[in-house]
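Trainee: structure here, sequence nowhere to be found:
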């Protein structure tokens, strides 16, 4: 989680919630729109008894997106689908971070749910960008995740149309944004160690820092600083749209917790940088909690226990958040 990161302003170091290296540049055509071809599964490989690899053509992005799908070991008729998003910098093309570090395959083996793990979108915030970016390419992930991909998943894996979304770090903010902007699509949402601001100086600084760390220009994402797109993605502004969903929010305190180790430089990085980042995400998550309480929107909160911005705590959260997610995914 804490690989090479650019030296940025102090506020970003303390509160930003991603790490990694810049994405490679993509050749794009910014003048011609994506062709009007249907979304489709171009290739399917069953890589294990409960794991499938899909290559999915996205007409909105005019490219193929790689997706992994978990299905239960024992299938019991049609089932809901949970879309799980990674943090930026963790979009390893060979396998989802939820499989490599989150123990997702084992955890979901006996759950009657499809779990969809997209392998794309560094610094995308999984939203539809207003313009193609010369460095990052064409990002239309909201369209892909809410319109193009779900019908294909339901048809291929006996989905029943009940969908949820969850994510960590950048993916936590993205999951909440997708849920608030698409309340007819999702009935359950979980966010682990995220920040949920996009409007204003703080929200824009955080998001712009993340995009800039990958060589992108956030003006291509949600427009200039005064553009209405920033407020349209802010969870404190749009919290009312979450009403009726099954909601789970997690953040740790940033103080050393039960999973901390003190043996290597990487351990020190997790302790110091991961601790500082989690202090910021805990503050952000409490702002959203207060807003939900103010609006009398029910949610489940797990906030403030010792822990850093690191994978052992998010792996723990699969089991802790699952009852809330499962309740929302029930028909």
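Mentor: That came through fine. Since the model is a prediction, treat every value here as computed from it, not as a measurement. Residues are numbered from 1 along each chain as shown.

Trainee: check contacts around residue 128.
Mentor: 60, 139, 140, 141, 142, 143 (C-beta atoms under 8 Å, 6 or more residues apart in numbering). Placement of C-beta: from N, CA and C, glycine included.

Trainee: could you measure from it over to residue 94?
Mentor: 27 Å (C-beta to C-beta, to the nearest Å).

Trainee: got the end-to-end distance for stretch 84-99?
Mentor: 11 Å (C-alpha to C-alpha, to the nearest Å).

Trainee: swap in stretch 205-224?
Mentor: So stretch 205-224: terminal residues 12 Å apart, C-alpha to C-alpha.

Trainee: could you list the buried residues of that stretch?
Mentor: Of all the residues in stretch 205-224, those buried under the rule 16 or more other C-beta atoms under 10 Å are 205-216, 218-223.

Trainee: go on, stretch 123-143?
Mentor: Per 16+ other C-beta under 10 Å, stretch 123-143 contains these buried residues: 123-129, 132-133, 135-143.

Trainee: one more: stretch 237-256?
Mentor: 237-239, 242, 245-256.

Trainee: now do the end-to-end distance for it.
Mentor: 33 Å.

Trainee: surely residue 314 touches residue 168?
Mentor: Yes. With contacts counted by C-beta atoms under 8 Å, residue 314 reaches residue 168, the gap being 5.0 Å.

Trainee: more neighbours, those two?
Mentor: residue 168 (32 against 25; other C-beta atoms under 10 Å).

Trainee: for that one, which non-adjacent residue is spatially closest?
Mentor: Counting by C-beta to C-beta, 6 or more residues apart in numbering, residue 168 lies nearest to residue 192, which is 4.3 Å off, once chain neighbours are set aside.

Trainee: report the beta-bridge partners for that neighbour.
Mentor: With DSSP bridges as the criterion, residue 192 is bridged to residue 168, residue 250.

Trainee: check residue 63 too.
Mentor: Counting by DSSP bridges, the residues bridging with residue 63 are residue 58.

Trainee: how near is it to residue 221?
Mentor: 18 Å.

Trainee: what residues are bridge-paired with the closest residue to residue 327 other than its chain neighbours?
Mentor: Distances taken as C-beta to C-beta, 6+ apart put residue 246 closest to residue 327, at 5.1 Å, once the chain neighbours are dropped. Taking DSSP bridges as the rule, residue 246 bridges to residue 188.

Trainee: per-residue confidence for residue 246?
Mentor: Note on residue 246: pLDDT of 98.

Trainee: tell me which residues touch it, please.
Mentor: 164, 187, 188, 189, 324, 325, 327, 328, 329.

Trainee: out of those residues, who's the most crowded?
Mentor: residue 189 (30 neighbours).

Trainee: what is the neighbour count of the residue nearest to residue 253 when sequence neighbours are not counted?
Mentor: The spatially closest residue to residue 253, leaving aside those adjacent along the chain, is residue 304, at 5.0 Å (C-beta to C-beta, 6+ apart). Counted with other C-beta under 10 Å, residues neighbouring residue 304 total 14.

Trainee: show me what contacts residue 190?
Mentor: So residue 190 contacts 164-167, 175, 247-250, 317, 321, 324-325 (C-beta under 8 Å, 6+ apart).

Trainee: ok, it to residue 138 distance?
Mentor: From residue 190 over to residue 138 (counting by C-beta to C-beta), the distance is 28 Å.

Trainee: cool, and residue 296?
Mentor: Where residue 138 is concerned, residue 296 sits at a distance of 40 Å (C-beta to C-beta).

Trainee: can you list residues touching both of residue 314 and residue 168?
Mentor: 192, 193.

Trainee: now name the helix or strand holding residue 276.
Mentor: helix 275-294 (DSSP states H and E).

Trainee: which other residues reach that helix?
Mentor: 13-17, 169, 172, 176, 191, 193-197, 235-236, 239, 242, 247, 249-256, 298-299, 301, 303-304, 307-309.

Trainee: any chance you could map the helices in the chain?
Mentor: With DSSP state H as the criterion, the chain has helices at 10-15, 97-100, 104-108, 141-143, 149-157, 170-181, 200-212, 219-222, 228-232, 265-269, 275-294, 311-329.
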